[in-house]
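# Quick check, what structure comes out for this input:
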Amino acid sequence: MRRQQVDIACLQETRIPRSASFRLSDRCYSQVYSSCASTKTRGVNILVRNSCPFTLDTVVAGGEGRYLVVNGWLAHKKYSVVSVYAPNVPDVSFWSDLQMFISSHASGALIVAGDFNAVLFPTLDRSDASQQAVPRELRTQDKQFHRFVRALDLVDVWRSHHPTTRDYTFYSPPHASYSRIDYLLAAPSSLPELGSPAIGSITWSDHADVSMYLRLPGRRTPGQWRLDPTLLDAEGVSQTVRQELEGYFQVNGTDEVPASVVWAAHKAVIRGVLISQASYRKRRKGEMFAQLQASLRKLEFRHKAEPGPVTFDALQEARRALTQLSLDEVSRSMLWSKRFYYERSNKMDTPMARRIAGPSVTGA
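Below is the predicted model of the structure:
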């Protein structure tokens, strides 16, 4: 999410119990709103990036980890963001309860995101939509989902931009079939503000991510640079810094420049070298990530068009390579998290106050 600079993320099937919902927060996403079951089942969450100009109004959780409504303000307009995780078997009561829950608690422009375990357009949203290939219970679930969308007068944002395109968000190995069961739904009046809906790749999760842009006025505030401790362990970085410092002191270590000035300025030189090295490595890693993702996307399209063991093995290999590239980023995030909680483990400061206060949540 950090790499894609996601401002508001809706997660489903997180399987985090209510007592451990705080684990999803970090230094970039400190606003975490959850609807959790008492056990490690279901679970939906909405994460808001710290730099996002979002002002919280109310949070309402329901369905024992099935749905969550967050009401808040973005650029002087009120929005209601809903995260949904639907059951994978037909359940009429779930859809009616969800419709009533949203109608009762959503108070702004409606945006519903979720894993609905159903499709709106079977002929386009399933790779094999024949009556023989799709079990009866799935067809029933599709109809219930369709009635829910019509009742709330919602629009499939991705389909509104791709009316005839076939693309999918989930692959079922037992059935060797694809389906698009993850949706971003919105009120028709909000469509002019929503742009660039896209389906990502299926990587470490068994679902592809679905994204879109919400056009808002204003600009991001610049972030504060901090040294990445793993950068010093990267090959060639320490040697480059040493060479730059040797050259700096050879040029400036004269009687014409006071020693205090030379010493104070060398810190800026070190920082400049480290920023340069970090930018180069980030750019190179971004290029590698983009190449792997493009390769993965091509393989996915091939496998969606012509499923087979050869293309599936190539697809899995590309996913492993992409996951391996992300491991150092995960390691760095864990390092920052350990440092954060170690430094504040027994201090009465902001993190502890946030844990004690928590968001104003009503419902189950």
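# going forward, measure contacts between C-alpha atoms and count neighbours the same way
Will do.
# As a check, name the ranges of all helices in the stretch 101-250 of the chain.
Per DSSP state H, counting those that start in this stretch, the stretch 101-250 of the chain carries helices over the ranges 122-125, 136-151, 157-161, 237-252.
# again with the stretch 251-364 of the chain
Assigned by DSSP H, counting those that start in this stretch, the helices in the stretch 251-364 of the chain fall at 259-305, 309-343, 350-357.
# Compile those helices into JSON lines and extend it with columns for distance to residue 156 and mean neighbour count.
Converted to JSON lines, the helices of the stretch 251-364 of the chain look like this (distance: least, Cα to Cα, whole Å; neighbours: other Cα atoms under 10 Å):
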{"stretch": "helix 259-305", "distance to residue 156": "21", "mean neighbour count": "15"}
{"stretch": "helix 309-343", "distance to residue 156": "28", "mean neighbour count": "14"}
{"stretch": "helix 350-357", "distance to residue 156": "36", "mean neighbour count": "11"}
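# Now tell me which of those the model trusts least on average.
Mean pLDDT values for those show the minimum at helix 350-357, a mean of 66.
# what residue ranges in this protein are flagged as low confidence?
18, 21-22, 129-134, 217-224, 257, 347-352, 354-364 (pLDDT under 70).
# So what are the structural domains in it, by residue number?
8-221, 229-343 (automatic domain parsing).
# So what's the residue count around residue 239?
11 (other Cα atoms under 10 Å).
# Give me the distance between it and residue 231.
According to Cα to Cα, to the nearest Å, residue 239 and residue 231 sit 12 Å apart.
# and residue 204, what is it in contact with?
Counting by Cα atoms under 8 Å, 6 or more residues apart in numbering, residue 204 touches 319, 323.
# let's go with 7 Å and repeat that
Residue 204 sits next to residue 323 when contact means Cα atoms under 7 Å, 6 or more residues apart in numbering.
# what are the phi and psi values for it?
phi -80, psi -20 (degrees, to the nearest 10).
# Just put the helices of the stretch 251-364 of the chain in a markdown table and tack on distance to residue 155.
Shown next, in a markdown table, are the helices of the stretch 251-364 of the chain (distance: least, Cα to Cα, whole Å):
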| stretch | distance to residue 155 |
| --- | --- |
| helix 259-305 | 25 |
| helix 309-343 | 32 |
| helix 350-357 | 36 |
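# ok so, going back, relative to residue 1, tell me which of the domains of the chain wins on proximity.
Shortest distance between residue 1 and the domains of the chain, using Cα to Cα, is found for domain 8-221: 7.9 Å.
# does residue 33 really touch residue 49, like I thought?
No - using Cα atoms under 7 Å, residue 33 is not in contact with residue 49; the gap is 11.9 Å.
# From the neighbour counts alone, determine which of those two ranks first.
Higher neighbour count among residue 33 and residue 49: residue 33, with 26 against 22, using other Cα under 10 Å.
# What's opposite the more buried one in the beta bridge?
residue 46 (DSSP bridges).
# My read is that residue 25 contacts residue 45, right?
No - under the criterion of Cα under 7 Å, residue 25 makes no contact with residue 45, lying 10.7 Å away.
# Between those two, which is the more surrounded one?
Neighbours of residue 25 and residue 45, each counted by other Cα under 10 Å, are more numerous for residue 45; the result is 29 against 16.
# neighbours of residue 152, just the number please.
Neighbour tally, residue 152, other Cα under 10 Å: 15.
# Disregarding flanking residues, what is the spatial nearest neighbour of it?
Distance criterion Cα to Cα, 6 or more residues apart in numbering; nearest residue to residue 152, sequence neighbours excluded, is residue 99 at 7.2 Å.
# And the one you found, how far from residue 125?
23 Å.
# Looking at the two, which is more packed in?
Neighbours were counted for residue 99 and for residue 125 using other Cα under 10 Å; residue 125 has more, 21 against 15.
# Please name the residues that touch the more buried one.
Going by Cα under 7 Å, 6+ apart, residue 125 touches 119, 166, 168, 179, 180.
# if we go to 10 Å?
Residues near residue 125 by Cα atoms under 10 Å, 6 or more residues apart in numbering: 118, 119, 159, 165, 166, 167, 168, 169, 178, 179, 180, 181.
# do the same with residue 176
Contacts for residue 176 (Cα under 10 Å, 6+ apart) come out as 127, 128, 303, 304, 307, 308, 312.
# and the second one, how many residues sit next to it?
The local packing count at residue 128 equals 17, with neighbours defined by other Cα under 10 Å.
# if I look at the closest residue to it other than its chain neighbours, how far off is residue 248?
Distances taken as Cα to Cα, 6+ apart place residue 177 nearest to residue 128, at 6.7 Å, with adjacent residues excluded. According to Cα to Cα, residue 177 stands 62 Å off from residue 248.
# Pick out whichever of those two has more residues nearby.
Comparing residue 177 with residue 248 by other Cα under 10 Å, the one with more neighbours is residue 177, at 19 against 16.
# Bridged to the more buried one, which residues?
With DSSP bridges as the rule, residue 177 is bridged to residue 172.
# my read: it touches residue 167, true?
No - using Cα atoms under 10 Å, residue 177 is not in contact with residue 167, being 11.9 Å away.
# any residues in contact with both of these two?
Residues within reach of residue 177 and of residue 167 at once, by Cα under 10 Å, 6+ apart, are 126, 127, 304.
# Show the contacting residues for the first one.
Neighbour list for residue 126: 118-120, 133-134, 166-168, 170, 177-181 [criterion: Cα under 10 Å, 6+ apart].
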